[in-house]
Each structure stands twice: as structure tokens, then as C-alpha cells.
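Asker: Give me a model of this one.
(3 chains)
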Amino acid sequence: MNAIRKIEAVIAELTSGGIDRREFLRRALAAGLGATTAGLLLDACGGSQDSGDPGGDRAGDGASGGADVPDVIEDRLAIYNWSDYVAEGTIPGFEEEFGVEVTYDTYESNEEMLAKLQAGAAGYDVVFPTGYIIEAMIAGGLLAPIRRELLTNWGNLSPIFLDPPFDPGNVHSVPYLWGMTGVAWRTDRVDAPPASWGVFQDDRWNGKMTMLDDARDVIAAFLKLNGFSINSTVPGELEAAKRDAIEAGTHIRAFVSAPVKGQLVSGDVWIAQLWDGDTRQAAVEEPAIAFALPREGAPIYADAMVIPRSAPHKRAAHAFMDYVLRPDVSAAISDATGYGTANAAARPRDPRPYPSAEELTRLEFARDLGEGTRLWDRIWTEIKAS
Amino acid sequence: MRRAARWLAAHDRVRAWGLLAPGTLWLLAFFVLPVAIMGAYSAMERGLYGGVEPGFTLASYARFFDPLYLRILGRTLWLAALTTLLCVVIGYPVAYAIAGAGRWKHALLFLVVLPFWTSFLVRTYAIMFLLRDSGLVNSALLALSLIDEPLTLLYTPGAVLAGLVYGYLPFMVLPVYASLEKLDPALLEAAESLGARPVAGFLRVTLPLSLPGLVAGSLLVFIPSLGAFLTPDLLGGARQVMIGNLVQQQFGAGRDWPFGSAASFILMALVLAVVYVFLHRGAGALPEEVE
Amino acid sequence: MRRPPWWVAGLTAVTLCLLHLPIAVLIASSFNRSRFAMRWDGFTLDWYSRLLERGDILEALRASLVVALVSTLLATVFGTLIALGLARHAFPGRRIYQGLLYLPIVTPEIVVGISLLVLFATAGVTLGLGTITIAHVAFNISFVAVVVLARLHGNGRDLEEAAMDLGAGPLTTFFRVTLPQILPGVIAGALLAFTMSFDDFVITFFVAGVGSTTLPLLVYSMVRRGVEPTINAISTIILAVTTIAILIAYRLREGESS
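Answerer: Numbers count the residues shown, from 1 in each chain, chains lettered A, B, ... in the order given. Below is the predicted model of the structure:
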């Protein structure tokens, strides 16, 4: 803020008549340039970017891309994750043991993170996308392959999440946490567990129901109701789902995602389409909240760790992923976040049992929709605007 | 130096461009250029997984002219217009009061702006808390026995309107205040001494002179509210789809950047037309002659 | 400007109260034991003490303040200059320029954000607080210019011409005659710009670099898990500090004039 002082001094001198034009111009120019440069150089004293880093944090720099993973663990790591998606001790524990300085940045939407990376943002080493986004990232050439031999704890992972449809062979991703979409409901207000997605068309609960503000989840629910796949791009099937969704629209209050937890707790909402992890979070504050998996089936999600092609610290990224795969670390993360861990060797204090074989027949991994995206988008707009 | 000063004084245009240069250059580099890139995108092919692919096409523009999207545009214009009207009705008296508040002027101005130095999200959650079925407003009304059952306030167009007005009020108050504050009381006194009653004094002296502020405030409320997307999502339960939501969606799950850009450009063109009409004919217009 | 009639003052008081009602809720929630702040579960100062542990929140606040201050300064200077140029001088294309000035206001933030990111990425510019500041200045220039223009409208140049006739140079005239006249408009514009910058999310999200998190970025990313009342706590603190600062400023001014 030195520049402001200078400007003030100049103004004071000017108004007291003790300066001539030439001197004023010179000083004002200097102060102005100073202010501008100060602003532009702020990241030098602000962020933790290291301009001396060989990998560089330059946006769009693909020079460090490719499968090239150095032998030595770098001393920095940039993580891009959801907020509160690790345990409190996870990052400090890693920093101490490996001597790596970690930056933890957060995003709130898979799609916005994808758009940012596609537009050219670089500098992140480990990102935690959801499965169907990973498929898009792979197709878009945004990810670097994982060097499996560097992950000593790979064997801890549950087979359910290995070789997923969105990343066959786990070439680019390491499973992290998982969840399902179902129905959260108030046991003290609703007489029986919602057994079907049709509950959202039930007159009895008019005005007390919400569904997620998410095209994939809402349309998936009604695709399942009609017996179709949640990844369907068949126009006829989507039209049927759309009709059901619009009909449900006359019964539900709103499309709300995470903020609905508060409304469940307060009793404004009795039945909400919600993910199981979030339902558990709400149940902590209000034990009368339970989770139901409709009989027609539902989406199952797996979030995974990936390494962007432009990551400057790939070796540290692998070290971090291997660290997360340790049973104790995974267990702590599962307990802290409320979601189930893909690490079968982990023993969380509050375990989330994996879906049974029977349930697995009803659950489907969400995949990228490819060409069908445009149709889905139009249908979602129609549903919301109805 | 003296000769240069005199030459500058004689060449109005050069002085004008001297003043305009720094800001204009910044805008050219960091607004016009990037948005032009977006404009190019709007005429390109959509990338399958997001982004764009080479190939010239105006299909995205054509796609917009569909009843579904036009209806959304219509609703957006309607909500924005209502918001502006309410902001005028509520904001003008506030600006008037502040401008006449003497020593307390700046304190009151700060009071108007202060709520907006908290996070928008937390503020909106607080509004949701107030409007919920079990929220403060309903609880108060029930306690006073004014109603029997909670009113449905949240997730309605009214809630979105309330949220928009709340969010854009300072954009009306500040310019109107700036315009009113410089009003010379002598003008009003002169009017009164000539026999004008207070209402006439207001309508014929104060209001016309504060019109530039009113026009600026109206445009500063109307235009950005067209692009609102978080307020309709949170307070409208995502059921009040506005253009902002549509555009947001296209860069997100919709993975259709060209369509998102096209929709934005159509909106921008529309607004520029409105602004031009306003400014060309209205009181916000720059005078023909430089005074 | 004379004193307003009683009913206008009354309306203003009501409006200001309504404006601050959600703020009161926000502040009350910061003392609520319940995490989702939907019922009153008991008074607690836990969220405030937790702030001390959350270094990331404090860091984000610092980043937001720095960006807001610098970008407001630059935007106010550029915007005021533009307003002066437009209002006081004739040049071809004047009307068109004024209309185009509204473009940054109407362009959806996501369009500006992504396209700026593409620009920076293509030019190889490192993302960081600097790029955020650049972006904020860009969208704030228009706001300031429009507000100051409203102030300048109808302002004759008589005073300036009188000053110059009396021998004042152009720069002295600017600082001693023009600036005081337009100062309320400049202040109003600066206030607006600061507010917009401090709370901006969408554009900031796209042009922020690794480690350059501002407060809005932090808060919005908490939505999925539920925004912790620690955010309410820091908002309350910001409000308290600002109010105290204004009170002190007022005290000082009163002290000066007496």
C-alpha cells in the first residue's frame, strides 16, 4: 500500500501549491505504475506458487505432461478437491512423513472443475472427480496414466470399484469414496420407508418432498422407474422418464441438493432424494432421518483420484495416493466425511457396509453420456421449467 | 509545457481520449478480447466432452429460437423488470433520505452497503431461513394469529423476486444518492418562494434533476439481474429457470459451450438495444453539445 | 439537499431494518450450536474458536481483502477517468461508447470467467491473485463509470472555467474543483466496486490459480457438506470490525471539526 501513501503525499503537495506540473506528472506516473504492478505481482507474495519449480505452474503448460514420472518425490503438491473431503489429519500427516508442502484448493461442482481444466487451467496434481466425469476427462485427454507399480497399497481396494465402466482397467483413476443416490425420509412423519421412486408422485406427501438439483440423479430415478438404464440415451426411454418427472414436479416442492439437509432436520421436508452420505450427516443432527434404496435401483457413484496430464508434481501425487490407500488413513477419511471408502482393508469406526450382491444388481455406475448429453440437457431444462 | 497545455486545451478530442485511454485499454485487453473469443466459440462446433471444436456453424443461435428457451428469456425479462420497479419504489426514498441526512450521510450509506460484505451464500441461506415454512416469518405470523397455517413463501417466484430486490437494492440507492446529493437546495427554495407546493416541488424540480441517477440505477439493477442464477436456484428451488441458469448449465452439465455463448450474446444484443433506446431518448443521454 | 419528510425517513428506517434482518439471522447462527443452523440448539462460541484453527479461512479473507482493495482502487481511477472523458468532451462515437460501457455489466459472469481463463492460458500467464485482480478491475470499471457519470450529468464546467481564468493549471483545477464536485459519485462507485469484488465467485473461480483462494471460493465449495457456521462467525467479525472502523472514523471527524 506504499503507492497509496505516495499518491496522498503528492496530492497534499499539489494542493498546498508547492509543486509544479512536471514534478507532479513524474510522481503520479510512478505511483500509478507502482500500484498497477503491485496488483499484478500480488501472487508472488500471496499464493504458494514456486516460480522456480521446473514443472512450472503456468496455465496451459503441457511440457510436464505425459507419462513421465520422476524418481524423486517433489517437495510440493497441489490438491484440488471437494471441501471437507479428507480427514483433518490426512494432509498434515502426509506433509510430515514425506516432507511435502501441500496446497489444498476446493471446488463445489464436478462440471465447473471440468470446464476450468478444459479451458486450460493447470497446476493441480491430484483431483477428485466423480466417475462419469472421469470418463469425459479421459476422452478429452486431460489425464495422465497412473503408474500402478508405485502404489504399494493397491491391493487394499475392494473389487467392486476396480475396473469400473468409466475407466476400464483403472488406467487413470484410483477409487476413493463411494455413495448411492436414494431417498432420505423422516421416520416420524412418513409411515413406511419409501420403496419406490414412485413416491415422488404420491399425493399424500405433496409439498413435503424435494428431489436433487441434478439432471443425472432426477432423470435416472424415473428411468429406473420405467425399467431403463440410468445411462440411457434412447429418445423414447428419455421421453417416458421426462413425462414421469414432470408429473412428479406437481408434487414436489423444489429441486435442492445439499442444502436440503437443513430442511430435513427442521421438518420442512419429509422425503428428499439424497445421497447416502449426506443422509447420514443429517441423521447425526436428527436421528429420525433414515435412508431408503428404492427397489427399482439407483445410481452408485465412485469418486476417484486422478492426475491431470499437466500436473507438475506427478511423483508426489503418486506418493499421496499410496498414502491415502493405507487402511488407517482411509478409515479416518471415511469417518470424517461420512461416506464409504473403496478401501476394503480400512476399518472405520462407523463402517459403511458395501452393497450386497443383490443390491449390486440394482445399482448402476453413472457413465458419461456422450452424444446423448444434448438430449439430456434439453429434457432437464423442460423438467425444471415446467 | 505551457504550449502543450494550450494545444491540449484546444484539442478537446485528444484530451477526451487521454482520459478514456487507461480504462479503455484495460477493458479492451481483459474484457473485449476474451468475450470476442467467446463470440468465436458461439459459432463453432460443440466439443463432445465440453469445450469447442473447429467448424463454423450458426446452429447454436438457431437453437435458441425455440419456445422453451424463448419462454425462459421472457420470464427473465419479466422478473428483471419487476425487480427494477420494486428497487425504484423502495430505493428512491432511501436514497432521498440519505442525501438529506446531513452528517449521517456516509454512515447511512455504509449501512446500506454493509450487509453485502457478508458472503452472498450465507446471506441467501439466512433469507431461506426466514422464508421457510418453519422459518421466522411464518412463526411470527402464526404467533400473532394472523394465519392458521404456514404460508408457502420459499421456493416461489415471490421468493426469487424478494431475493433479487434484496441483492440489487444498493445498485439503485448508490447512483440515485450520487445524483440527489448534489441537488442545490436553493432550487427548491426558489420553487417554493414562487408558490409551488412540496409535491409539485418534488415532481418538477427534484425528480427531473435526479433522473440521471434513476436511469443509471435502473440500468444497474435491470441488466445484472438478467444474468442472475444463484438466487433463482436457491430461493426458487431451481424451478424458476432464468437465462443465467440456462447459460450456467451449458458450461456445466450441458457441455455445450457454443450454445451457452450464443444465448449470452443474444441476451447482450437485446440489452444493448434496450440501453441504446434508453440513453438515446431518455434523460440518461449525454447532451448533444458539451456543456 | 434538505431533510426528508417524516414518512420518507420512516420508510427508510423500515427498509434498513428489513435489509439487516437476514444479517441478524446470520449473526445469531454464528452462536448456534446446531451445524445446520435450523434450530436453536444452544449458545456457543465454538465456531469462533474454530476460526483460529482454520488458517485457510483467515488466509482466504486476507486474499479477498487484498484483491478487493487493489482492484477497487484501479477500477475507481479508470472508471472516473472514463466518466469524465465521456461527460465533458465531444468526440465521434461518444454515444456508442457510452452504450458499450454497459456490456461488462450484462455479460454473464461464467462467459467472462471462462473466456478470461482461455486468454490467460493461451498467453501462458500464471494464474493467481494477480489474474483475479485483473479480472475484477475489468468488470468493475463499468460500474464505477456509470455511477460517476450519473453524478456528472448536468454538471457544468463553469466552476472549472472560473478557476482556470483565475490562473489555476489544469491539474490543480482537477484536484481542487472537479474532484470535490464528483467525490460523492466516486465514493459511491468505489463502494459498489469493493462490494462486487469482495463477494465475487464465478469469475474468480475460473481465473484463480493454485493456492489463491478467496473467501467466496472457500464458502461456495462448502455448500456440498453444508456451510459451517464458522463462515457466519467470520462474517460477523467482518461486520463488527467494519462498523467499529466507521464509528472511529466518525469520532475522528467530529473531533476535527470541533
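
Asker: quick check, whatever helix or strand B:V89 lives in touching chain C?
Answerer: Following DSSP states H and E, one finds B:V89 within helix B:67-99. Yes: in terms of Cβ under 8 Å from any Cβ of the partner chain, part of helix B:67-99 sits within range of chain C, namely B:90, B:93-94, B:96-99. Where you see a C-beta, it was placed from the backbone N, CA and C, and this is true even at glycine.

Asker: so A:K208 sits right up against A:I271, yeah?
Answerer: Yes: A:K208 lies in contact with A:I271 (Cβ atoms under 8 Å); the separation is 6.4 Å.

Asker: From the neighbour counts alone, determine which of the two ranks first.
Answerer: A:I271 (25 against 20; other Cβ atoms under 10 Å in any protein chain shown).

Asker: who does the more buried one bridge with?
Answerer: For A:I271, the beta-bridge partners under DSSP bridges are A:W185, A:M209.

Asker: who's in contact with it?
Answerer: A:I271 makes contact with A:183-186, A:190, A:194, A:199-200, A:205, A:208-210 under the criterion Cβ atoms under 8 Å, 6 or more residues apart in numbering or on different chains.

Asker: any idea which helix or strand of the chain has the worst average confidence?
Answerer: Assuming you mean chain A. The helix or strand of chain A with the lowest confidence, counting by mean pLDDT, DSSP states H and E, is helix A:42-45 at a mean of 37.

Asker: my bad, the chain I had in mind was chain C
Answerer: Lowest-scoring helix/strand for chain C, mean pLDDT, DSSP H and E: helix C:170-173, at a mean of 75.

Asker: so what secondary structure elements neighbour that one?
Answerer: helix A:2-15, helix B:2-10, helix C:158-165 (3 or more Cβ pairs under 8 Å, 6 or more residues apart in numbering or on different chains; DSSP states H and E).

Asker: where among those helices is the average confidence lowest?
Answerer: When the helices and strands packed on helix C:170-173 are ranked by mean pLDDT, helix A:2-15 comes last with a mean of 44.

Asker: could you point out which element follows the helix holding B:V89?
Answerer: Using DSSP H and E, the helix or strand that follows helix B:67-99 in sequence is helix B:105-113.

Asker: now that following helix, how far from the centre of its chain.
Answerer: Put simply, helix B:105-113 sits 20 Å off its chain's centre (Cα atoms, centre = their mean, to the nearest Å).

Asker: Only C-alpha atoms, please: export the next helix or strand after that helix in CSV.
Answerer: Scanning forward in sequence from helix B:105-113 by DSSP H and E, the next helix or strand is helix B:120-131. Provided in CSV are the C-alpha atoms of helix B:120-131 (Å, rounded to 0.1, in the frame of the first residue of the first chain):
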residue,chain,number,x,y,z
PHE,B,120,-23.8,-13.9,-0.6
LEU,B,121,-24.4,-17.5,0.0
VAL,B,122,-24.7,-17.2,3.8
ARG,B,123,-27.0,-14.2,3.3
THR,B,124,-29.2,-16.2,1.0
TYR,B,125,-29.3,-19.0,3.4
ALA,B,126,-30.4,-16.5,6.1
ILE,B,127,-33.2,-15.4,3.8
MET,B,128,-34.2,-19.0,3.2
PHE,B,129,-34.3,-19.4,7.0
LEU,B,130,-36.7,-16.5,7.2
LEU,B,131,-39.0,-17.7,4.5
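
Asker: So which residues make contact with helix B:120-131?
Answerer: Residues outside helix B:120-131 that contact it (Cβ under 8 Å, 6+ apart) are A:259, B:115-116, B:135-137, B:153-154, B:159, B:162-163, B:166-167, B:230-231, B:234-235, C:21-23, C:25-26, C:29, C:37-38, C:199, C:201, C:216, C:219-220, C:223, C:227, C:231-232, C:235.

Asker: didn't A:A282 look like it was pressed against A:G267?
Answerer: No: in this structure A:A282 lies outside contact range of A:G267 using Cβ under 8 Å: 11.5 Å.

Asker: more crowded one of those two?
Answerer: Ranked by neighbour count (other Cβ under 10 Å), A:A282 and A:G267 place A:A282 first, with 25 against 18.

Asker: Kindly indicate whether that one is helix, strand or coil.
Answerer: helix (DSSP: H, G, I helix; E, B strand; the rest coil).

Asker: Which strand or helix spans the residue nearest to it when sequence neighbours are not counted?
Answerer: Distances taken as Cβ to Cβ, 6 or more residues apart in numbering or on different chains put A:K261 closest to A:A282, at 4.3 Å, once the chain neighbours are dropped. Element membership for A:K261, per DSSP H and E: helix A:260-266.

Asker: Can I get that helix as CSV, trimmed to CA atoms?
Answerer: The C-alpha trace of helix A:260-266 is given here as CSV (Å, rounded to 0.1, in the frame of the first residue of the first chain):
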residue,chain,number,x,y,z
VAL,A,260,-32.0,-29.8,1.8
LYS,A,261,-30.3,-31.4,4.8
GLY,A,262,-31.2,-28.4,6.9
GLN,A,263,-34.8,-28.7,5.8
LEU,A,264,-34.9,-32.4,6.6
VAL,A,265,-33.6,-31.6,10.1
SER,A,266,-36.2,-28.9,10.6
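
Asker: so how far is it from its chain's centroid?
Answerer: 22 Å.

Asker: which regions of chain B lie under the pLDDT threshold?
Answerer: Counting by pLDDT under 70, chain B contains low-confidence ranges at B:1, B:4-10, B:281-291.

Asker: Show the contacting residues for the residue nearest to the spatial centre of it.
Answerer: Centroid-nearest residue in chain B: B:V221, 2.4 Å away (criterion: Cα atoms, centre = their mean). Residues in contact with B:V221 (Cβ under 8 Å, 6+ apart) are B:83-84, B:87, B:168, B:171-172.

Asker: so which helix or strand takes in the most centrally placed residue in chain C?
Answerer: Centroid-nearest residue in chain C: C:F194, 1.7 Å away (criterion: Cα atoms, centre = their mean). Assessed by DSSP H and E, C:F194 sits inside helix C:179-198.

Asker: now check that helix, is it near chain A?
Answerer: No: contact between helix C:179-198 and chain A is absent, the nearest approach being 9.2 Å (criterion: Cβ under 8 Å from any Cβ).

Asker: what's the helix or strand just after that helix packed up against?
Answerer: Downstream of helix C:179-198, the first helix or strand assigned by DSSP H and E is helix C:202-207. Contact analysis of helix C:202-207 by 3+ Cβ pairs under 8 Å, 6+ apart lists helix A:110-118, helix C:109-123, helix C:129-152, helix C:215-221 as its packing neighbours.

Asker: How about the contacts made by B:F116?
Answerer: Taking Cβ under 8 Å, 6+ apart, one finds B:123, B:167, B:170, C:195, C:199 in contact with B:F116.

Asker: Can you tell me, leaving aside adjacent residues, what's nearest to the fourth one?
Answerer: It refers to C:T195. In space, C:T195 is closest to B:F116, 4.7 Å off (Cβ to Cβ, 6+ apart).
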